[in-house]
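> Sequence first, predicted model second:
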Amino acid sequence: MPDPIAVNSMFGRIASRYDLANRLLSFGIDRWWRMQLVGNVRKANPATILDLATGSGDVAFALSRGLPQTTLITGMDFCEPMLVEARKKQAAAHGAVGNIAFRQGDGLALPDPDQTYDAVTISFGLRNMADRHRSLTEMHRVLRPGGRLYVLEFSQPQRWCRALYYFYLGKVSPWLAGLVTGEPGAYQYLCDSITQFPDAAGLAEEIRRAGFSTVAVKRMTFGVVALHMATK
Ligand SMILES: C[S@@+](CC[C@H](N)C(=O)[O-])C[C@H]1O[C@@H](n2cnc3c(N)ncnc32)[C@H](O)[C@@H]1O
C-alpha cells in the first residue's frame with residue numbers, strides 16, 4: 001500500500017502539470033472515462049455528492065456541468081496544491097460551476113458525519129489510498145442508506161493487450177510524463193500502483209467487504225479502466 005506522506009508530496013510536486021500529463025498519457029481518453037462516470041451518476045440524480053480524491057477537480061466539474069445546478073458537490077482531497085489548481089479552474093469558469101465546494105480532507109478519516117451524501121465518486125484515487133479497506137468503509141459511512149458509490153480506476157486489461165500495455169506504462173509513460181512534469185519517478189509510481197492493483201472482480205469483492213451490495217462493473221477500453229457502481 002502506498003505511503004500517504006510520499007503520495008501527498010508527489011501530487012503536490014506535479015499539481016500544476018497534472019492535467020496536461022493526463023491528457024497526453026491517455027491520448028485524451030481520460031475525459032471520456034470521466035464522462036461515463038458522470039452519465040451513470042446522472043441516472044441516480046443525487047442531491048449531494050462527495051467527489052473524493054478530487055485532485056484538480058475534473059470529475060467535480062464534469063458532475064457540475066452534467067447534473068442540475070441544485071446538486072451540492074464537495075470536492076475533497078488531502079493535497080492542498082491539487083485543490084489550488086481546482087479552485088483556479090473554478091474561478092476561471094466565472095460562476096458556471098459554483099455548486100462545488102473544494103475542501104481538504106483525508107480519505108482514510110473523512111471529516112463529515114455519518115450519512116451525509118447521496119453519492120460518493122472517486123476517480124483514479126482509490127489506488128493511491130494507503131488503506132483501501134479503511135477508505136471504502138469511510139465512503140460507506142458517509143453515504144445515506146441506499147446511497148451510491150462510483151469508483152473509476154485503472155484495472156487489469158484483457159490478456160491479449162497486457163504485454164503492450166505494461167510496456168507502455170513501464171517504459172514510455174514515465175519518460176513522456178518526465179518531459180512534461182519533470183517528475184519521471186511519479187509516473188514510475190503510477191505504473192507500479194496500476195500493475196499491483198486488483199482486477200475488476202477483485203475490486204468488486206473488496207467493495208462488498210466494506211459493506212456495499214449490488215456491485216456492478218463496467219469495463220472500458222479493453223479493461224484498462226473499470227467503473228464499479230455499488231449501493232449502500
Ligand atoms: C491520480 S489523482 C486523481 C485526481 C482526480 N480524481 C482525477 O480524476 O483526475 C489522485 C488523487 O488522490 C489524492 N489522494 C491520495 N490519497 C488521498 C487521501 N488519503 N485522502 C484524500 N485524497 C487522497 C491525491 O492527492 C490526488 O489528488
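Looks like it arrived, so ask away.
> switch to C-alpha atoms for all contacts and neighbour counts from now on
Will do.
> Please list all residues in contact with residue 199.
155, 156 (Cα atoms under 8 Å, 6 or more residues apart in numbering).
> Oh, that last question was meant for residue 156, not what I typed.
Residues counted as contacts of residue 156 (Cα under 8 Å, 6+ apart) are 162, 194, 195, 197, 198, 199, 200, 223, 224, 225.
> Now, those that are in strands?
residue 225 (DSSP state E).
> Would you reformat the contacts of residue 156 as CSV and include pLDDT and distance to residue 213?
Converted to CSV, the contacts of residue 156 look like this (pLDDT from 0 to 100; distance: Cα to Cα, whole Å):
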residue, pLDDT, distance to residue 213
162, 90, 30
194, 90, 25
195, 90, 26
197, 94, 21
198, 95, 19
199, 95, 18
200, 96, 16
223, 95, 22
224, 94, 24
225, 96, 21
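> Quick one: buried ones out of the contacts of residue 156?
194, 195, 197, 198, 199, 200, 223, 224, 225 (16 or more other Cα atoms under 10 Å).
> wait, isn't the fourth one in contact with residue 153?
So the one you mean is residue 198. No: using Cα atoms under 8 Å as the test, residue 198 is too far from residue 153 to be in contact (10.3 Å).
> Strands of this protein, start to end?
48-52, 72-77, 100-104, 117-123, 143-154, 213-220, 225-231.
> neighbouring strands for the first one, and are they parallel or not?
The reference is to strand 48-52. Paired neighbours of strand 48-52 in the sheet (DSSP bridges): strand 72-77 (parallel), strand 117-123 (parallel).
> What are the buried residues along stretch 144-155?
Buried, per 16+ other Cα under 10 Å, within stretch 144-155: 144, 147, 148, 149, 150, 151, 152, 153, 154, 155.
> What of stretch 11-29?
Using 16+ other Cα under 10 Å as the test for burial, stretch 11-29 gives 11, 12, 13, 14, 15, 16, 17, 18, 21, 25.
> can you tell me the average pLDDT over it?
Average pLDDT, stretch 11-29: 87.
> which residues are contacting it?
With contacts defined as Cα under 8 Å, 6+ apart, stretch 11-29 is touched by 30, 56, 79-82, 85, 173, 176-177, 180-181, 183.
> What of stretch 81-95?
If you take Cα under 8 Å, 6+ apart as the criterion, stretch 81-95 is touched by 11-12, 15-16, 54-58, 77, 96-98, 102-104.
> quick one: average confidence on that stretch?
Here stretch 81-95 scores 95 as its mean pLDDT.
> Can you show me the CA trace of that stretch as CSV?
C-alpha atoms of stretch 81-95 as CSV (Å, rounded to 0.1, in the frame of the first residue of the first chain):
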residue,chain,number,x,y,z
PRO,A,81,-1.6,22.1,-4.2
MET,A,82,-4.1,20.0,-6.2
LEU,A,83,-7.0,21.9,-4.6
VAL,A,84,-5.3,25.2,-5.5
GLU,A,85,-5.4,24.0,-9.2
ALA,A,86,-9.1,23.0,-8.8
ARG,A,87,-10.0,26.4,-7.3
LYS,A,88,-8.1,28.3,-10.1
LYS,A,89,-10.2,26.4,-12.7
GLN,A,90,-13.4,27.1,-10.8
ALA,A,91,-12.6,30.8,-10.7
ALA,A,92,-11.8,30.8,-14.4
ALA,A,93,-15.3,29.4,-15.1
HIS,A,94,-16.9,32.6,-13.8
GLY,A,95,-19.6,31.0,-11.6
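> gap between that stretch and the chain center?
Computed by Cα atoms, centre = their mean, to the nearest Å, the chain-centroid distance of stretch 81-95 equals 17 Å.
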